[in-house]
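Participant: any chance you could fold what I've pasted below:
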Amino acid sequence: QVQLVESGGGLVQAGGSLRLSCADSTRTFNIYAMGWFRQAPGKEREFVATIDWSGGTTHYADSVKGRFTISRDNGKNTVYLQMTNVKPEDTAVYYCAARRRLGATMKPVEYDYWGQGTQVTVSS
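Facilitator: Coordinates of the predicted model:
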């Protein structure tokens, strides 16, 4: 059973940095594509970043391109989201998701497992 546990959220000032982590204990982690999504109050969940099983292919939402970096360490069964130059509009609950396919995707319906989320708050 895949269980995704996010960590690393918190309060950060605008312009600062934060690194989110998402860990899974199953041995199949290294054949799953992974993604990060976020949901702000009163808004729908939106795509942030995705990475394929090998880490060789990544995609980003236009709103975070050049500021956020997704990466993974299959030896540690962990995917990361490095957030830099954060803005107040980045405030949201961030969710990690796993897909039982090798290829990355930006579509939330194509993910099979979701974490509980971690709150990120950016103060101005």
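Participant: who does the most centrally placed residue in the chain bridge with?
Facilitator: Central residue of the chain (Cα atoms, centre = their mean): Trp36, 2.5 Å from the mean position. Judged by DSSP bridges, the bridge partners of Trp36 are Ala49, Cys96.
Participant: what do you get for Asp24?
Facilitator: With DSSP bridges as the criterion, the beta-bridge partners of Asp24 are Leu4.
Participant: which residues touch it?
Facilitator: Contact criterion Cβ atoms under 8 Å, 6 or more residues apart in numbering gives 2-5, 77-78, 98 as the residues in contact with Asp24. C-beta here means a position set from N, CA and C on the backbone, and glycine is covered the same way.
Participant: and Ser17, its phi and psi?
Facilitator: Note on Ser17: its backbone torsions stand at phi -130, psi 160 [degrees, to the nearest 10].
Participant: surely it and Thr69 touch.
Facilitator: No: contact between Ser17 and Thr69 fails when scored by Cβ atoms under 8 Å: they sit 10.6 Å apart.
Participant: more neighbours: those two, which one.
Facilitator: When Ser17 is set against Thr69 and neighbours are counted by other Cβ atoms under 10 Å, the residue ahead is Thr69, at 16 against 12.
Participant: next up, the contacts around the more buried one.
Facilitator: Counting by Cβ under 8 Å, 6+ apart, Thr69 makes contact with 49, 80-82, 84.
Participant: picking up where we left off before, buried ones among the contacts of Asp24?
Facilitator: 4, 77-78, 98 (16 or more other Cβ atoms under 10 Å).
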